[in-house]
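# Sequence isn't available, so here's the structure alone:
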Ligand code: ADP
């Protein structure tokens, strides 16, 4: 659908080049919701301008729907651009136009449909985004969430294959964010539109994305299924974004590990495993006790998860861990506990 191959982008600043994106490879697949997450300065806005074909990369190639856009300028760029609908953080609505007129505007500019056809299409779009009662209102009469629904309807007007959402929920409160994300998920599911979500918020990714790429200092440092990246972050930039989403609570700290009474494991229960009382059962069966050092629960899209960092003492730790793994729990050993630390000290 969208393929970025070895993309770099630099800008001349004060006589030297600033590298905003550094050898990016991304393959966004038709029908998925793909998240691109990064902190401020990571290169997100630059990537948006490349994906929507406003700018050309310094090196590398971008393909939209199999067509290369390398060196393409002017009129031939219009077709691939029409494939991509943009949703903006600050909505970018025309204040002097009503909801219906804002949505009709790109269709009037395109000049392909008749007035009656435009009216019918606008009616459909307004119903699609749930603004039936507001068609004749002006932007200043709408809430932030309603304005973004207008923005989404306008982006859909010219029947794009892809919706590119640039921090589309960053100006909204948490509840409104949820409802706009729900609408985007519906559009993806029911219209089969591929969605690319650019965000600095892990919660947005967790809520709706299938896959995610983590951008840091112009590089993709980690990518994959959201459950893998969110529950098992490997890069420090990802860990930082996960911690931010969990208000600093995610994960265990070095002090917890050093003071643990026994070996420390991080246990991840995903989906069905999150509902079953398997930890207590395994502990009883293998005669172990556990103390909880850290934990988080939540959901990834509709799948529940729980992640507990526990220190295990007594009995057969090996047996209990094997039993948990057989039940679908992912167990990662974080430390050997005091035994391991004592052994390492004894070995110098
Ligand atoms: P983000 O959107 O993730 O905050 P940006 O894409 O805006 O990141 O910026 C990435 C890097 O590229 C930053 O160091 C920024 O200063 C630089 N940059 C982005 N756009 C320009 C530009 N037009 N001219 C010069 N430097 C730029």
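Yes, it's here. Keep in mind the model is a prediction, meaning the values are calculated, not measured. Numbers count the residues shown, from 1 in each chain.
# which secondary structure elements does the helix or strand encompassing residue 307 contact?
Residue 307 is part of strand 303-313, with elements assigned from DSSP states H and E. Packed against strand 303-313, as judged by 3 or more CB pairs under 8 Å, 6 or more residues apart in numbering; DSSP states H and E, are the following elements: helix 226-231, strand 264-270, strand 289-300. C-betas here are computed from N, CA, C, even on glycine.
# for the ligand, what are the nearby residues on this structure?
11, 13, 18, 20, 38, 40, 41, 42, 43, 44, 45, 46 (CB under 6 Å from any ligand atom).
# And those residues, which two are furthest apart?
Farthest pair in the residues of the chain next to the ligand (CB to CB) is 13 and 38. Separation: 19.8 Å.
# Could you pull out the strands in the stretch 151-300 of the chain for me?
For the stretch 151-300 of the chain, applying DSSP state E, counting those that start in this stretch gives strands covering 162-166, 194-199, 211-216, 219-225, 264-270, 289-300.
# want to try JSON lines for those, with mean neighbour count as columns?
JSON lines is the format used below for the strands of the stretch 151-300 of the chain (neighbours: other CB atoms under 10 Å):
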{"stretch": "strand 162-166", "mean neighbour count": "24"}
{"stretch": "strand 194-199", "mean neighbour count": "24"}
{"stretch": "strand 211-216", "mean neighbour count": "24"}
{"stretch": "strand 219-225", "mean neighbour count": "18"}
{"stretch": "strand 264-270", "mean neighbour count": "21"}
{"stretch": "strand 289-300", "mean neighbour count": "16"}
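# Could you pull out the helices in the protein for me?
44-51, 78-82, 99-110, 115-128, 144-156, 174-191, 202-208, 226-231, 236-245, 254-258, 278-285, 317-326, 337-346 (DSSP state H).
# centroid residue for this protein?
Nearest to the mean C-alpha position of the chain, by CA atoms, centre = their mean, lies residue 205 at 2.6 Å.
# Please name the residues that touch that residue.
Contacts for residue 205 (CB atoms under 8 Å, 6 or more residues apart in numbering) come out as 35, 37, 197, 199, 212, 226, 230.
# hang on, the earlier thing: turn the helices of the chain into CSV, columns for mean pLDDT.
Output for the helices of the chain, formatted as CSV (pLDDT from 0 to 100):
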stretch, mean pLDDT
helix 44-51, 94
helix 78-82, 83
helix 99-110, 95
helix 115-128, 96
helix 144-156, 97
helix 174-191, 96
helix 202-208, 95
helix 226-231, 94
helix 236-245, 91
helix 254-258, 75
helix 278-285, 92
helix 317-326, 94
helix 337-346, 60
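# Minimum distance to residue 4: which of the ones you listed has it?
Judged by CB to CB, the one of those that comes nearest to residue 4 is helix 44-51, at 7.6 Å.
# counting contacts, what elements does the closest one pack onto?
Using 3+ CB pairs under 8 Å, 6+ apart, helix 44-51 sits against strand 2-13, strand 16-28, strand 162-166, strand 194-199.
# Residue 13 and residue 38: who's more crowded?
Taking other CB atoms under 10 Å, residue 13 and residue 38 do not tie; residue 38 has more neighbours (25 against 9).
# got the phi/psi numbers for the more buried one?
Backbone geometry at residue 38, expressed as degrees, to the nearest 10, gives phi -170, psi 160.
# could I get the helices and strands packed on strand 303-313 as JSON lines with distance to residue 62?
Output for the helices and strands packed on strand 303-313, formatted as JSON lines (distance: least, CB to CB, whole Å):
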{"stretch": "helix 226-231", "distance to residue 62": "23"}
{"stretch": "strand 264-270", "distance to residue 62": "34"}
{"stretch": "strand 289-300", "distance to residue 62": "29"}
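# picking that back up, would you format the helices and strands packed on helix 44-51 as a markdown table with mean pLDDT and distance to residue 140 included?
What follows is these, written out as a markdown table (pLDDT from 0 to 100; distance: least, CB to CB, whole Å):
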| stretch | mean pLDDT | distance to residue 140 |
| --- | --- | --- |
| strand 2-13 | 95 | 35 |
| strand 16-28 | 95 | 35 |
| strand 162-166 | 96 | 23 |
| strand 194-199 | 97 | 27 |
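# want to throw these into TSV with distance to residue 152?
As requested, these are arranged in TSV below (distance: least, CB to CB, whole Å):
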stretch	distance to residue 152
strand 2-13	19
strand 16-28	19
strand 162-166	8
strand 194-199	10
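# that older thread, the strand holding residue 307 pairs with which strands, and in what direction?
With DSSP bridges as the test, strand 303-313 is paired with strand 264-270 (antiparallel), strand 289-300 (antiparallel).
# Least confident of these, on average?
Ranked by mean pLDDT, those end with strand 289-300 at the bottom, a mean of 91.
# so that strand versus helix 236-245, what angle?
90 degrees (axes from the mean of the first three to the mean of the last three CA atoms, to 10 degrees).
# Can you give the contact residues for strand 289-300?
Here strand 289-300 has contacts from 206, 226-227, 230-231, 246, 249-252, 256-257, 260-261, 264, 270, 274, 279, 283, 304-315, using CB under 8 Å, 6+ apart.
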